[in-house]
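Peer 1: Below is the structure, and that's it, no one-letter string:
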């Protein structure tokens, strides 16, 4: 761990100023990921700007939907009555991740910004383009069973590890940020980026910008949804593949469909064409499989992760089935519904 | 003397429980000293090659950094390999931290930054720049198959495979039914909760008090004295609590060497604690490639068995464990050939890990037996009973006892095995396929030489002492129970001290031998105390026991009572006072019976029954039910014994489904070196585990009839899970762990 300066911000403006003034500064909230990364010498911030005292910890009504403050803890969001009633997909996804202790410390904004679990990224003894741009990507030819099958590049095949963000992607949440040049809104689909030739950048956030809230639109998919997470043990593991499915149903007919995948790409993965193809279809395994095939047509495996393509295909079919039937996956009973 | 059994054989809570839950129990990294300095290890970024330069200037320039120790400036230590060989070292040239510029494995320590605070040391460590000349590492065991060799020097205490009996290859050729398959067991790391740590307290004039994470303080003391040329009287090792070991703490590890080297160099106290990642930079259960061939008649009676294993070891030591011998032991079979070879790879030397060798070898044998069951159509348990070995056919000896048949029968009854349908994929619940599998477990019932002392004071308090370690197994509790019963005292009046070289010497706590060895030593010391106190009682004026014989008295309720007339009695306090002593003390040493060892084979056995439910489409496996039926001689404490078996079963489930240290063979580096990515079971993975102990009387294995429980719980568990997965899915996965990817195809 390196040495760093510490600033406690009292207002959003102070936080933005402190961050913008120092290219080596980073925000710290729950610290569940950042502190680990600092211990591994992966993150070496010159300054930590502590935002824990900013008034960003409320959940409230917003334009027919909900606004979740950046500092709302994951556990609070998951157990909030309004979130549970109206966005059970989000609550379920949050509860699928980490442990109660981590969820108590982790924040909404921090969850958006958590970094990949790629083994190589965490090990400073190895090259990694995300950690040290230009040093290379040993994962491409190395141990890659957990790595991306969609949207990867020759520079990076890491995945985004968040469960919450997969649900947010399906719900088409909007991230409100403020920076030195003022405030702006970023749709979740545009918040995380694909690695391309700049894998060191996980998001489209500019330096100096701070997340204020995550806004959930009115359409909540509270009846037909699921978050199905498949992993190497039954709890407390990152997703090999996860599926956030949200449907609007008219009897057996799909009126609209949202489908986001986790664990497969550098960002929560959506495919508008596949979702459009489901519209108006009867909810059958055949229809689901067609959507899955479409999404996975462009999937590319590496030496150890080819199984993820088939696993994703089956998870999509099962997840859409759970959503259509209104029998979402429980996050406590580990039997798959 | 008739002994009472108020505590031994009952369920007793841990006597060290309150100290542990209140934090009063101190572990190696929790001891402190007024001048304590903190060492942080810098680990090698390469796997093979040489250090060409170490630039420690930036670290040295940090105020508060005291010294950066490297191979260039470390204190001189012993020259010969001999001096570095600890009590359980395999043949070879033990690793020497900072021994030179050569890098022989990934993550090897290359520097120790010592500073006034942990944070400064860690910061300093991040500033050390090491440059290397890198060679191509060789870590893929499969690629070294052809170079495998029979270890020329045998590791002490590890039996090499016995000579072949009969003509296995010929009989295999002629057998009506043949099964031949290959199995692979992944590299696993021990991952005890407590990371390895050493606090070395400088006592002045070259004297040290050392707190080390070690499964036997005497091994640490002897190692330090040998390597640093110190006298035993100048090195005291005190490590009363260990936060899990599983074998990782049998050998002194490099953090000990570094902490002692720094303390002697700086003449001050030093603590070195490894990070979780650095816990992946020393011993592990080796990856092992195995082939088992079984030949049988149509009813499954074994006619021939061959078992070949190739295990990885380091380039510098020939680590050996007993992998294949179990296959010649467990079943009646006239023709057996066993073969065990090693192959060198660029990793650290493997280390004993809970039931070393048996976890690996019995897994392969017991899956092969399941394959034979399906090849012959014989129920898997019937097949095992049909091939039951009444004698140790490898060594031509009888067993001291063997209640394995009862394990099969009682375990099967508890599990409901008779309701199983034989065909794979024939049982299901909704989308889940249900599978029932079983396997046999076996482990050696060792007893080792051990000493212990007992001290009884007139206030009716008994203090027991022994240098052995309690790794969380329950040793404190069982020794306290034994002492309380031996002298008829309430358990609250008995205290036990462990883990200190100033106490009577015990062997390393490993091999499941601690209960039999140190338990017998405590009993023996208590008997000596009882004899002395009885002597005082008999010689008292007008003693009610004046003409009594020691054989006819009972120690109970703090008194010595005549068996035939309990009203004739003397209190222990009165007897001691009458003897005119402050306390009655005895130190005794017990040894295994050489005669029994020559005449008999001693093993613990188990039968493990497992239910899995597997999501048919998604390959998600849930282990919903386990019954482990164990024959381990006399059970001292039903509660800690059950915990031991449960812990073993959980670890076996981990081996079956989750645990794997993943090597990148290009870099030669283990990549999933933390708890996030190296998976061990969590609560959600564990359901009902039912432990039962079958009656097994054994008057030969050890003075108390105890066989030990630390390891038997894990043996066979992975095979039972694998067999259950086959029964559920019809897929025979022959590589552990059985992860989702292996079940999807």
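Peer 2: Everything's here; your move. On a predicted model such as this, the values are computed, not experimentally measured, just so you know.

Peer 1: how many neighbours does residue 248 have?
Peer 2: Went with chain A since none was named. 15 (other Cβ atoms under 10 Å in any protein chain shown). Using the backbone N, CA and C atoms, a C-beta is placed for each residue, glycine as well.

Peer 1: I was after chain B.
Peer 2: 28.

Peer 1: any idea which element the closest residue in space to residue B:687 that isn't next to it in sequence lies in?
Peer 2: Closest residue in space to residue B:687, ignoring its immediate chain neighbours: residue B:624 at 4.9 Å, by Cβ to Cβ, 6 or more residues apart in numbering or on different chains. Residue B:624 is part of strand B:621-631, with elements assigned from DSSP states H and E.

Peer 1: who does that strand pair up with?
Peer 2: Under the criterion DSSP bridges, strand B:621-631 sits next to strand B:603-615 (antiparallel), strand B:688-693 (parallel) in its sheet.

Peer 1: and the next helix or strand after the last one with chain A, contact?
Peer 2: Same thing as strand B:688-693. Following strand B:688-693 in sequence order, the next helix or strand is helix B:717-729 (DSSP H and E). No - taking Cβ under 8 Å from any Cβ of the partner chain as the criterion, helix B:717-729 and chain A are apart, separated by no less than 13.4 Å.

Peer 1: Let me know the average pLDDT across helix B:717-729.
Peer 2: In this model, helix B:717-729 has an average pLDDT of 98.

Peer 1: could you point out the longest helix in chain B?
Peer 2: helix B:514-539 (DSSP state H).

Peer 1: The strand holding residue B:624: how far from the chain's middle?
Peer 2: Relative to its chain's centre, strand B:621-631 lies at 21 Å (Cα atoms, centre = their mean, to the nearest Å).

Peer 1: okay, the angle between that strand and helix B:717-729?
Peer 2: 130 degrees (axes from the mean of the first three to the mean of the last three Cα atoms, to 10 degrees).

Peer 1: got the contact list for residue A:10?
Peer 2: By Cβ atoms under 8 Å, 6 or more residues apart in numbering or on different chains, residue A:10 lies in contact with A:53-54.

Peer 1: ok, now with 10 Å
Peer 2: A:51, A:53-55 (Cβ atoms under 10 Å, 6 or more residues apart in numbering or on different chains).

Peer 1: roughly how far apart are the residue lying farthest from the centre of chain B and residue B:532?
Peer 2: Taking Cα atoms, centre = their mean, the residue of chain B most remote from its mean C-alpha position is residue B:542, at 53.1 Å. From residue B:542 across to residue B:532, the span is 20 Å (Cβ to Cβ, to the nearest Å).

Peer 1: now residue A:164
Peer 2: Taking Cβ to Cβ, one finds residue A:164 at 70 Å from residue B:532.

Peer 1: Looking at the two, which one has more neighbours?
Peer 2: Counted by other Cβ under 10 Å, residue A:164 and residue B:532 do not tie: residue A:164 has more neighbours, with 30 against 18.

Peer 1: What residues does the more buried one make contact with?
Peer 2: Residue A:164 neighbours (Cβ under 10 Å, 6+ apart): A:74, A:77-78, A:90-91, A:93-98, A:103, A:106, A:108, A:111-112, A:114, A:173, A:214, A:227, A:244, A:262, A:268.

Peer 1: Next: residue A:118.
Peer 2: Residue A:118 is in contact with A:128, A:130-131, A:137-139, A:142-144, A:146-148, A:156-159, A:161, A:199, B:671, B:677, counting by Cβ under 10 Å, 6+ apart.

Peer 1: Now with 8 Å, please.
Peer 2: Residue A:118 neighbours (Cβ under 8 Å, 6+ apart): A:128, A:130, A:139, A:146-147, A:157-159.

Peer 1: can you list the residues of the stretch 501-650 of chain B near chain A?
Peer 2: Counting by Cβ under 8 Å from any Cβ, the stretch 501-650 of chain B comes close to chain A at B:613, B:615, B:617-620, B:622.

Peer 1: For residue B:39, identify the helix or strand it belongs to.
Peer 2: Using DSSP H and E, residue B:39 sits within strand B:37-43.

Peer 1: and that strand with chain A, contact?
Peer 2: Yes - using Cβ under 8 Å from any Cβ, strand B:37-43 reaches chain A at residue B:43.

Peer 1: Name the residues of the longest helix of chain B that come out as buried.
Peer 2: B:514-530, B:532-534, B:536-538 (16 or more other Cβ atoms under 10 Å in any protein chain shown).

Peer 1: and after it, which helix or strand comes next?
Peer 2: Remark: after helix B:514-539, the chain's next helix or strand is strand B:553-556, criterion DSSP H and E.

Peer 1: next one: phi and psi at residue 79?
Peer 2: In the absence of a named chain, this looks at chain A. Per-residue torsions, residue A:79: phi -100, psi 0 (degrees, to the nearest 10).

Peer 1: Hmm, no, I was thinking of chain B.
Peer 2: Dihedral angles for residue B:79 - degrees, to the nearest 10 - are phi -90, psi -40.

Peer 1: What's the local residue count around it?
Peer 2: Residue B:79 has 8 nearby residues by other Cβ under 10 Å.

Peer 1: ok, it to chain A distance?
Peer 2: 31 Å (Cβ to the nearest Cβ, to the nearest Å).

Peer 1: what's the pLDDT at that residue?
Peer 2: pLDDT, read off for residue B:79, is 95.

Peer 1: could you measure the closest residue to residue B:425 other than its chain neighbours against residue A:175, distance?
Peer 2: Distances taken as Cβ to Cβ, 6+ apart place residue B:730 nearest to residue B:425, at 4.9 Å, with adjacent residues excluded. The gap separating residue B:730 from residue A:175 is 48 Å, by Cβ to Cβ.

Peer 1: The two - which one has more neighbours?
Peer 2: Between residue B:730 and residue A:175, counted using other Cβ under 10 Å, the more crowded position is residue A:175 (26 against 14).

Peer 1: Would you confirm that that one contacts residue A:108?
Peer 2: No - in this structure, residue A:175 is not within contact of residue A:108 by Cβ atoms under 8 Å, at 9.7 Å.

Peer 1: Now do the shared contacts for the two.
Peer 2: Joint contacts of residue A:175 and residue A:108 (Cβ under 8 Å, 6+ apart) are A:211, A:213-214.

Peer 1: Filter the residues you listed down to the ones in strands?
Peer 2: Among those, DSSP state E puts A:211, A:213-214 in strands.

Peer 1: now the helices: where do they sit in the stretch 351-500 of chain B?
Peer 2: In the stretch 351-500 of chain B, the helices defined using DSSP state H, counting those that start in this stretch lie at B:358-376, B:380-386, B:404-415, B:475-487.

Peer 1: For residue B:12, which of those helices is the nearest?
Peer 2: Of all the helices of the stretch 351-500 of chain B, it is helix B:475-487 that lies closest to residue B:12, at 5.7 Å by Cβ to Cβ.

Peer 1: who does that closest one touch, helix- and strand-wise?
Peer 2: Under the contact definition 3 or more Cβ pairs under 8 Å, 6 or more residues apart in numbering or on different chains; DSSP states H and E, helix B:475-487 sits against strand B:450-456, strand B:462-465, strand B:494-497, helix B:514-539.

Peer 1: Please name the residues that touch the closest residue to residue B:108 other than its chain neighbours.
Peer 2: Once flanking residues are discounted, residue B:108 sits nearest to residue B:44: 4.3 Å by Cβ to Cβ, 6+ apart. The contact partners of residue B:44, by Cβ under 8 Å, 6+ apart, come to A:125, B:103, B:105-110, B:130, B:132.

Peer 1: Tally up the residues packed near residue B:390, please.
Peer 2: 10.

Peer 1: For it, give its distance to residue B:403.
Peer 2: Distance from residue B:390 to residue B:403, by Cβ to Cβ: 12 Å.

Peer 1: go on, residue B:714?
Peer 2: Residue B:714 is 19 Å from residue B:403, by Cβ to Cβ.

Peer 1: Comparing these two, which residue is more hemmed in?
Peer 2: Shown here are residue B:714 and residue B:403; by other Cβ under 10 Å, residue B:714 has more neighbours (31 against 23).
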